[in-house]
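>>> pasting the sequence and the predicted coordinates here, then a few questions.
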Amino acid sequence: MPIYEYVCSDCQAAFEMLIRGQEKPCCPKCESLNVDKQLSVPAAATNLSADLPVAGNCGRPQCGSGCAGLEGM
């Protein structure tokens, strides 16, 4: 049973709802059936640091500086 995200067209409330089969979602705030399904984007789990550099190298000499064309300047 998937969880879907909706926004109510009447009161603009955003909510998630577990939908079974052909159930029609209704807004939990105003009970309107005038709701729009939203495009959900799943969050990707990562163990990477948020402060990673935009450009750089891995620190090994064979990797270079990470900036093409700037070697030896």
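Received the coordinates, thanks.
>>> just the helices from the chain, written as ranges.
Taking DSSP state H, the chain contains no helices at all.
>>> so which residues of this protein form strands?
Under the criterion DSSP state E, the chain contains strands at 3-8, 14-18, 35-37.
>>> nearest to residue 27, out of the ones you listed?
Residue 27 sits nearest to strand 3-8 of all the strands of the chain, at 3.9 Å, using Cβ to Cβ. The way it works is simple: take the backbone N, C-alpha and C, and place the C-beta from them, glycine included.
>>> buried sites along the closest one?
Residues of strand 3-8 classed as buried by neighbour count (16 or more other Cβ atoms under 10 Å): 6, 8.
>>> quick one on the thing from earlier: which one of the strands of the chain lies closest to residue 28?
strand 14-18 (5.6 Å).
>>> returning to what we had before: can I get the strands of the chain in JSON lines including distance to residue 24?
Shown next, in JSON lines, are the strands of the chain (distance: least, Cβ to Cβ, whole Å):
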{"stretch": "strand 3-8", "distance to residue 24": "11"}
{"stretch": "strand 14-18", "distance to residue 24": "10"}
{"stretch": "strand 35-37", "distance to residue 24": "9"}
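>>> mean pLDDT for these - can I get that in CSV?
Below are those laid out as CSV (pLDDT from 0 to 100):
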stretch, mean pLDDT
strand 3-8, 91
strand 14-18, 91
strand 35-37, 95
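>>> bridged to the nearest residue to residue 40 once chain neighbours are set aside, which residues?
Once flanking residues are discounted, residue 40 sits nearest to residue 5: 5.1 Å by Cβ to Cβ, 6 or more residues apart in numbering. On the basis of DSSP bridges, residue 5 is bridged to residue 16.
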